[in-house]
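*Asks:* got a sequence here, can you model it:
(2 chains)
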Amino acid sequence: DIVMTQSPDSLAVSLGERATINCKSSQSLLYSSNNKNYLAWYQQRPGQPPKLLIYWASTRESGVPDRFSGSGSGTDFTLTISSLQAEDVAVYYCQQHYSTPLTFGQGTRLEIK
Amino acid sequence: EVQLLESGGGLVQPGGSLRLSCAASGFSFSSYPMSWVRQAPGKGLEWVSAIRSGGVSTYYADSVKGRFTISRDNSKHTLYLQMNSLRAEDTAVYYCANYYFYSSDYYPFFDYWGQGTLVTVSS
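*Replies:* Below you'll find the predicted structure:
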């Protein structure tokens, strides 16, 4: 199974500042036939189901604000929120879909400092 | 508008059974592979199971293999999860979600999720 490890577990950032969340996979998520990284990012607000933010490691889902961006390749990935807004308080998860079983990172809790 | 509505959760004793349902609307259900993902109280997300559009190919997490069965009725636009031999560690909110459609294919990450149904396994 591919193990997904996020860091940090929790993060406190001031409004308007940058937030960075890391995700590391135990094996490469880069699919050589199409050069895509099989990595997605989700946001989960309290009491809500997860919301897809980013797929293919760096493609923003329709309707997601452009302050959210994803980067990385192979085994190391980053979700960046360029200017934190109050509504961004949530838990963020990465997920690999390179192989089954599908696996998620343990989550990173983002709070306002 | 895509809607996924789970039902069937509740309190069950260890060793008992439950069947979850997920009623889908607003998209071509019969074309989409579907999945169940669960979340134990205060914990992270755990993929449980998936099923291809035709219902023949199914996939399971090791933690539920042999105890849970995923199925679908495309005529009723409904996804199911039959859960047997339930354990305390199966206590969670269970979400159904549809695979992402991209460039004429379906990929196992999820743009639509239901609100979830809570399963509590306790004596």
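*Asks:* now the spatially most central residue of chain B: closest residue in space, sequence neighbours ignored.
*Replies:* Centroid check for chain B by Cα atoms, centre = their mean gives residue B:36 as the closest residue, at 2.6 Å. Nearest non-adjacent residue to residue B:36, counting by Cβ to Cβ, 6 or more residues apart in numbering or on different chains: residue B:48, 4.3 Å away. The C-beta positions use only the backbone N, C-alpha and C, and glycine is treated the same way.
*Asks:* now that neighbour: which helix or strand?
*Replies:* Using DSSP states H and E, residue B:48 sits within strand B:45-51.
*Asks:* just residue B:41 next, same as before
*Replies:* Per DSSP H and E: nothing holds residue B:41, as it lies in no helix or strand.
*Asks:* interface residues of chain A facing chain B?
*Replies:* A:38, A:40, A:42, A:44, A:49-52, A:55, A:61, A:93, A:95, A:97, A:100-107 (Cβ under 8 Å from any Cβ of the partner chain).
*Asks:* quick one: buried ones out of these?
*Replies:* With burial judged by 16 or more other Cβ atoms under 10 Å in any protein chain shown, the buried subset of these is A:38, A:40, A:42, A:44, A:49-52, A:55, A:61, A:93, A:95, A:97, A:101-107.
*Asks:* and residue A:81, what does it touch?
*Replies:* Residue A:81 makes contacts with A:13, A:18, A:19, A:20, A:67, A:68, A:88, A:110, as judged by Cβ atoms under 8 Å, 6 or more residues apart in numbering or on different chains.
*Asks:* hmm, 6 Å instead?
*Replies:* When contacts are counted by Cβ atoms under 6 Å, 6 or more residues apart in numbering or on different chains, residue A:81 touches A:19, A:67, A:68, A:88.
*Asks:* quick one: the residue of chain A most remote from its centre from chain B, how far?
*Replies:* Centroid-distance maximum for chain A: residue A:33 at 23.4 Å, with Cα atoms, centre = their mean. Here residue A:33 is placed at a distance of 12 Å from chain B (Cβ to the nearest Cβ, to the nearest Å).
*Asks:* quick check: that residue is in a strand.
*Replies:* No: applying DSSP: H, G, I helix; E, B strand; the rest coil, one finds residue A:33 to be coil, outside a strand.
*Asks:* distance check, it against residue B:84.
*Replies:* Residue A:33 sits 39 Å away from residue B:84, taking Cβ to Cβ, to the nearest Å as the criterion.
*Asks:* do the same with residue A:47
*Replies:* Separation of residue A:47 from residue B:84 (Cβ to Cβ): 29 Å.
*Asks:* over to residue B:56?
*Replies:* From residue B:56 to residue B:84 the distance is 21 Å (Cβ to Cβ).
*Asks:* which residues in the chain form strands?
*Replies:* I'll assume chain A. For chain A, applying DSSP state E gives strands covering A:4-7, A:10-13, A:19-25, A:30-31, A:36-37, A:39-44, A:51-55, A:59-60, A:68-73, A:76-81, A:90-96, A:103-104, A:108-112.
*Asks:* look at chain B instead
*Replies:* B:3-7, B:10-12, B:18-25, B:34-39, B:45-51, B:58-60, B:68-73, B:78-83, B:92-102, B:105-113, B:117-121.
*Asks:* contacts for stretch A:38-51 next, please.
*Replies:* By Cβ under 6 Å, 6+ apart, stretch A:38-51 touches A:29, A:31, A:52-55, A:57, A:70, A:77, A:79, A:90-98, B:95, B:109, B:113.
*Asks:* try stretch B:108-123
*Replies:* Counting by Cβ under 6 Å, 6+ apart, A:40, A:49, A:52, A:55, A:97, A:102, B:2, B:4-7, B:9, B:11-14, B:20, B:22, B:86, B:88, B:90-91, B:93-100 sit against stretch B:108-123.
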